[in-house]
Structures are given as structure tokens and as C-alpha cells.
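[1] Structure for the following, please:
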Amino acid sequence: PDSAAAPVMPTMMPSTAAPLPVVAPPAMPQDWRYAEGREIARGGMGRVLEATDTVLGRTVALKEALSHDPESLRRFQRETRITARLEHPSIVPVHDAGFSPSGAPFYVMRKIGGRPLEELVGLHGKLEDRLALVPHIVAAAQAVAHAHARGVVHRDIKPSNILVGELGETIVIDWGLAKAIGEADEISETPRVVDADDHTIKTRAGIVFGTPGFMAPEQLRGSPVDEKCDVYALGATLYHLLARRPPHHHKDPDQMMRAAVNGPPQPLREIVPGVPPELETIIDKALAF
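    Coordinates of the predicted model:
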């Protein structure tokens, strides 16, 4: 009988293609990889610069500490670590951290652009136009919920710290006052105490724990800050969006803080007719004592 034909194996021909050239990796800078540009913002403890990452060729925001006393450096380091802990689309990510050639600590973030929610609220006189901004409050609340899940409270939620980006995205900014839940508050050597009936409102000289108009009563009394204080601030921010003024509005910050400690704000329906009842309910619950 005829034997089965042996399988024909393909012949492996040597490749005639030229070998790929060896490409050296981009040179890493020996000391400082960031080309500093214009100053974007400045505060008591630090400044933010526009910078170019010379390794990756992209524009970033670089925050550098200005004060080098031990307590300021400790707070800056805490801010860096807390901010780096958060990974959410509505929170600016941290790319890098270290010390500049001058010895100042720094961290690098994605550079963002946009307009504060406070500015947009001021531009829209009609309630229906401001209602269109409510989704930004929802997005900010989701970012804050992420922070709470990571054990972090913001402590200074307000309309100027919610940015509406150039593509319509929502970004919660300025985590410089954030702290880990359960962490002890800083103690200032020169506290300023404002008496309000039987309660005590505490603000600390040199260390701001929040912004009048958006601080919860327990925050104003000096009680430990927890997630509920951020919830209050989100409710106050929604109140501001709808009424174009914060709860307990007053020209004098001390009077505003006293009013916040002593009772709930004026109902929204008395200020802005036509506010959806469900939004009033959310605000009432967030601002409840």
C-alpha cells in the first residue's frame, strides 16, 4: 500500500531585514527637571508656578513651599501626602514630589484651567441658568465622597474651590487644608475666640480651618472636624448657587459665624421663588444641626 505523504514543513529563510537601530533613552536631567514659568498663585505658605517637565515635555503646575520653619514644612508634607492619596477624575492628580535645587519641598500636579463655580454663579442672574450648574455640585460631592472613603476631609469646600474646566469637567481644588479623619487639629499659639451666646466660635490665627459662610456650626465651635463638616459645606455651596449668597449672609464675618452657630439659615423659598423642592430638602438635610 502507498505510504502516507510526509508533511511538508515550511522552510525558515533567514531574515534579510536590517536590524533595528539601538535608540538611547532620553537623557535624564542630573538635578532639576522642571523649567519654571510664570507664577499662577501665591498663599501664606506656598506658591504655584506653571512649569515645563523637560523629561516628558508637558506643562504642569508646581507647588513650592515658601516658609521653611518646621511646622510649615510638616504641614506642606502632609498636604503633599494627602493630595497624592486621592485618585478621582474631579481631583487634580499629583505627578511628582521632592526638593528643588534651593532645598524647598515641592510637588507637581496636572495643570488645569477653567473658571470657579463662584464666578459662574455671579454671571447667571436667572435661576434656570443657575440650575444648569447643579451637576457640578453633584460631581464635587462625588469627589468629596471619594476623599472620605480614603480617610480625608477637605475642610474648605466652597464655590471658589470648585472649578469648571475648559471641557466642562468639575474639579475640586485647594486640598491644602485637608486632613486625615481622626487626625488632631493644629494648635495655634494665638487663637482668636468669638463668643456667641453660650457657644464658642474658634478661628486660629495663621491657620484657617474654613471659610465663614461655609463652615459647619461644630467646626466654628472648635469641635473635631469630620465628614459631616464637608457635607455641610456642600449644602452651603448648593445654597449659594441657588440664592447667589451663602447661608447666614452678612458683611461682617464674625456676625455670619455667630448666625451659623445659633440656628439654620433663612429658607431658600423666601429668597428665591421657584427652587425645586427636592433641592431644598437636600440643603435642609445638609445644613441640619
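
[2] phi, psi of the nearest residue to residue 50 once chain neighbours are set aside?
    Distances taken as CB to CB, 6 or more residues apart in numbering put residue 37 closest to residue 50, at 4.1 Å, once the chain neighbours are dropped. Yep, even glycine has a C-beta here, placed from its N, CA and C like the rest. Per-residue torsions, residue 37: phi -120, psi -140 (degrees, to the nearest 10).

[3] Based on its surroundings, how many neighbours for residue 37?
    Per other CB atoms under 10 Å, the neighbour tally for residue 37 reads 13.

[4] ok, it touching residue 48?
    No - applying CB atoms under 8 Å as the test, residue 37 and residue 48 come out as separate, 10.9 Å apart.

[5] Please report how far residue 131 lies from residue 244.
    13 Å (CB to CB, to the nearest Å).

[6] Sorry, slip of the keys, the one I care about is residue 226.
    Taken as CB to CB, the span from residue 226 to residue 244 is 29 Å.

[7] for residue 103, same thing?
    To residue 244, residue 103 is 46 Å away according to CB to CB.

[8] Compare those two (neighbour count), which wins?
    Remark: of residue 103 and residue 244, residue 244 carries more neighbours, 17 against 8, as counted by other CB under 10 Å.

[9] Could you tell me how far the more buried one is located from residue 180?
    34 Å.

[10] Assess the claim that residue 283 and residue 268 are in contact.
    Yes - contact criterion CB under 8 Å: residue 283 and residue 268 qualify, at 6.5 Å.

[11] the more surrounded of the two?
    A direct count of neighbours by other CB under 10 Å for residue 283 and residue 268 places residue 283 higher, at 25 against 20.

[12] Just to be sure, the more buried one is in a helix?
    Yes - under DSSP: H, G, I helix; E, B strand; the rest coil, residue 283 sits within a helix.

[13] in this structure, which spans are strands?
    When assigned using DSSP state E, the strands of the chain occupy the ranges 34-42, 46-53, 58-65, 94-99, 105-110, 114-116, 152-153, 162-165, 170-172, 179-180, 191-196, 199-204.

[14] neighbours around the closest residue to residue 88 other than its chain neighbours, how many?
    Nearest-residue entry for residue 88: residue 146, 4.3 Å, with adjacent residues in sequence omitted and distances by CB to CB, 6+ apart. Number of residues near residue 146 (other CB under 10 Å) recorded here: 17.
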